[in-house]
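**Student:** using only what follows, build the 3D model:
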Amino acid sequence: MRVLAIGECMVELAPTGVDAQFSMGFAGDTMNTAWYLARISDFEVSYFTAIGTDAVSDRMADFLSGAGIGTQSLLRLPDRTVGLYMIELKDGERSFAYWRGQAAAKLLARDEAALARALAQADVAYFSGITLAILAPEDRARLLAALKAFEGKVIFDTNLRPRLWADVAEMCEGVTAAAAVADLVLPSYDDEAVYFGDADPEATARRYTAPEVIVKNGGGEVLARVGGEITRHSLPKLDAPVDTTAAGDSFNAGFLAARLAGASVGEAIARGHDVASQVIMARGALVTI
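**Tutor:** Down below sits the predicted model:
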């Protein structure tokens, strides 16, 4: 199974818990999922993005390779670099400050031939609402056209981030268009309720038309729609989290590791919950599990 994750990897500054000290790492929603998937599955996991040719971009490429994530499709742009974000924590919940003005990843879909070559080497393509949000409208259209033509399985995490879009209407329109080319959609109910007005997780599951929809619910009951059938999956309660960064990303990795290997929806949801429950008990996006 060859999985290609598409999106943005950034420099991460995460609080260490000691005064105002931060540690440096690399993270980003689709990259987080790729990192966990490479650790917990036997899949061949690769990453498609654009980075610069500077030292920090070289360091990022080395990091991906060292994590067992294929870098053969990375685009290198000499006049760009990589984005950076800083995490702030309060009672285990995180907020972010971003610096991505010159981020090469914003141009990841500009080279249509490179994107097509990367997809041709994959069986599964995984992307997110953030992948879409950082792109210019014309590049967004290029990416969705390439995914629509892709002969493998397309997986989409809606990951709604209104600050990255021109306005909420554009975000909802873009996410809906992306979900329409996907075989599996992974929304989070709390965000969907705010921005799409869904009354409950079932409304979210039915609004998306993909063959399979898994509605995450902040650690609560997960709802799955496969075809026309809806099932609900209760999960064990967790202790107070240390850091919820990458909770959804790691859930996705656990779910996909099981589901793409042939597990039932219920088994895959349980696996996703198991992975995420370990991740939220340590600081930072990437946790050894």
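**Student:** going forward, measure contacts between C-alpha atoms and count neighbours the same way
**Tutor:** Noted.
**Student:** show me where the stretch 1-150 of the chain dips below the pLDDT cut-off.
**Tutor:** Low-confidence segments of the stretch 1-150 of the chain (pLDDT under 70): 91-94.
**Student:** and the helices in it, which stretches?
**Tutor:** Ranges of helices within the stretch 1-150 of the chain are 29-40, 55-66, 112-120, 129-133, 137-149, based on DSSP state H, counting those that start in this stretch.
**Student:** tabulate the ones you listed (CSV), appending distance to residue 251.
**Tutor:** Output for those, formatted as CSV (distance: least, Cα to Cα, whole Å):
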stretch, distance to residue 251
helix 29-40, 8
helix 55-66, 20
helix 112-120, 24
helix 129-133, 16
helix 137-149, 23
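**Student:** now those helices in JSON lines, with mean neighbour count and distance to residue 167?
**Tutor:** Below are the helices of the stretch 1-150 of the chain laid out as JSON lines (neighbours: other Cα atoms under 10 Å; distance: least, Cα to Cα, whole Å):
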{"stretch": "helix 29-40", "mean neighbour count": "25", "distance to residue 167": "21"}
{"stretch": "helix 55-66", "mean neighbour count": "16", "distance to residue 167": "30"}
{"stretch": "helix 112-120", "mean neighbour count": "16", "distance to residue 167": "27"}
{"stretch": "helix 129-133", "mean neighbour count": "26", "distance to residue 167": "11"}
{"stretch": "helix 137-149", "mean neighbour count": "17", "distance to residue 167": "13"}
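**Student:** quick one: closest of these to residue 21.
**Tutor:** When those are compared by Cα to Cα, helix 55-66 sits nearest residue 21, at 20.1 Å.
**Student:** and the angle for the closest one with helix 29-40?
**Tutor:** 30 degrees (axes from the mean of the first three to the mean of the last three Cα atoms, to 10 degrees).
**Student:** what bridges to the nearest residue to residue 52 once chain neighbours are set aside?
**Tutor:** Of all residues not flanking residue 52 in the chain, residue 81 sits nearest, at 4.2 Å (Cα to Cα, 6 or more residues apart in numbering). Taking DSSP bridges as the rule, residue 81 bridges to residue 103.
**Student:** what is the neighbour count of residue 81?
**Tutor:** As a burial measure, residue 81 scores 24 neighbours (other Cα atoms under 10 Å).
**Student:** what does the one 3 residues further on give?
**Tutor:** Summarising burial for residue 84: neighbours were counted as other Cα under 10 Å, giving 21.
**Student:** that older thread, isn't the residue nearest to residue 52 up against residue 53?
**Tutor:** Yes - in this structure residue 81 lies within contact range of residue 53 using Cα atoms under 8 Å: 7.1 Å.
**Student:** which stretch among the helices of the stretch 1-150 of the chain comes nearest residue 2?
**Tutor:** Shortest distance between residue 2 and the helices of the stretch 1-150 of the chain, using Cα to Cα, is found for helix 112-120: 9.9 Å.
**Student:** not counting its own residues, what contacts that closest one?
**Tutor:** For helix 112-120, contacts defined as Cα atoms under 8 Å, 6 or more residues apart in numbering pick out 4, 48, 73, 75, 109, 125, 142, 143, 146, 150.
**Student:** nearest residue to the last one other than its sequence neighbours?
**Tutor:** Beyond its immediate neighbours in the sequence, the residue positioned closest to residue 150 (Cα to Cα, 6+ apart) is residue 119, lying 6.9 Å away.
**Student:** so where do the strands sit in the stretch 51-200 of the chain?
**Tutor:** Along the stretch 51-200 of the chain, counting by DSSP state E, counting those that start in this stretch, strands occupy 75-76, 84-90, 93-99, 124-128, 153-157, 184-185.
**Student:** in the second one, what counts as buried?
**Tutor:** If I follow you right, that is strand 84-90. Across strand 84-90, burial judged by 16 or more other Cα atoms under 10 Å covers 84, 85, 86, 87, 89.
**Student:** ok so, going back, what is the nearest of the contacts of helix 112-120 to residue 267?
**Tutor:** Closest to residue 267, out of all of these and judged by Cα to Cα, is residue 125, at 21.8 Å.
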